Structures are given as structure tokens and as C-alpha cells.
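> Sequence and predicted structure are below.
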Amino acid sequence: MWEKDNADKKTIEKARKDKREGKSPSTQAGEFVHEEIDKIRRGEHGARSTQQAIAIGLSEARRAGVDLPPPKKGKVKESTRKSAEYAYEAGQGERTPKRRPRVSKAVSKVLEHEPKSTASHAALAQQAKRAASRRTAEERSAAAKKAAETKGASGRKAAAQKAARTRAHHA
């Protein structure tokens, strides 16, 4: 594939660990989204919106081989779907991505001038709330049950302790 730096290698390793633990492709892709958010916070580049930061992370995940199929027709803009399809095929080894240094440099330059505040805690919280509001209670409940199942006993214990800590902290 393309040249990876150390952060990318760590991210890929985390995603592989998630896969071994039986977590969903979207959870595996979450590692790449986290990395993207960190890049923005470190000031490597910016993003026009929180959704753009997430989209970049998902694209990286697809290119790295995470089994995250592109969205169905009608769900998103056609150009977005095409882009996701390309990244997915590249990651699955079905096509070799053409190197486009000029385009790559141009995109990097544009992203450098975008705001960094889109990766703030407040912006991400707002985005999470919006995304959750689009899902039904049943879907949210099913996701929580699956998360609890794949977490394991020690993971559940750690999560419960963290919840108790943060409850005490916010009270």
C-alpha cells in the first residue's frame, strides 16, 4: 500500500486488535477516526466540519482494509458514495490506487487552512448528539447491548468504574 508513519502503524494495529476481539467494522474504523481527530488537535491540519473529520477517518480505514462497505445508494451524495467505494476497493486489494502527488499536496494545503475547532470536545459532543437523534431508541439499545457483549468482564468493570468516577466528577 502507501507509506505509513508510526502513528498509522499503531492505528492499524489497534484496528486489528478490535477485529480479533470480534468488534464491528465501524468500531475498527473508529480507531482511524480517533487518529484523525488527534491530528486536527495537534494542528497537523484542520477540517471544515466534524463530519469531514469523521469522513477522512472512515476513508483512511477503508483504504487500510477495514471491511466497511460504502453507504447504499440514496443514503449519501453520489460523489461521497463513489469516493467511499474507491477507498473500499483499494483497501480490499481490488484496485491499485493511482498516485496523484499534485492532488494530494493541494488537498493537504487546503486542509491546513481549515479550522481546528471542529475537533473540540464541544463540537464532537454536538455531532454525537445529532447522530444519536437520527437513530431510533431500539437501534441505540441494540448498539449498547452489543457493545456490552463484546467488551468482556474486565472491560465492563473498567467502564463501570469510569462511569462512577465521571459521575462523581460532574456532580
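Cool, the structure landed.
> which SS state does residue 103 fall under?
Recorded secondary structure, residue 103: helix (DSSP: H, G, I helix; E, B strand; the rest coil).
> gap between stretch 45-53 and the chain center?
12 Å (Cα atoms, centre = their mean, to the nearest Å).
> do the same with stretch 147-161
Stretch 147-161 has its C-alpha centroid displaced from the chain centroid by 21 Å (Cα atoms, centre = their mean).
> Name the residues that touch that stretch?
For stretch 147-161, contacts defined as Cβ atoms under 8 Å, 6 or more residues apart in numbering pick out 21-23, 27. C-beta: built from backbone N, CA, C; applies to glycine.
> since we're on residue 87, how many residues are nearby?
21 (other Cβ atoms under 10 Å).
> ok, of the contacts of stretch 147-161, which come out buried?
Among those, the ones that count as buried by 16 or more other Cβ atoms under 10 Å are 23, 27.
> Sort out which one of the contacts of stretch 147-161 lies nearest residue 128 for me.
residue 27 (14.8 Å; Cβ to Cβ).
> secondary structure element for the closest one?
Assigned by DSSP states H and E, residue 27 belongs to helix 25-42.
> Mind jotting down where the helices sit in this protein?
6-20, 25-42, 50-63, 78-91, 101-112, 121-133, 137-170 (DSSP state H).
> Compare these and give me the one nearest residue 69.
For the helices of the chain, proximity to residue 69 was assessed by Cβ to Cβ; helix 78-91 is nearest, at 6.3 Å.
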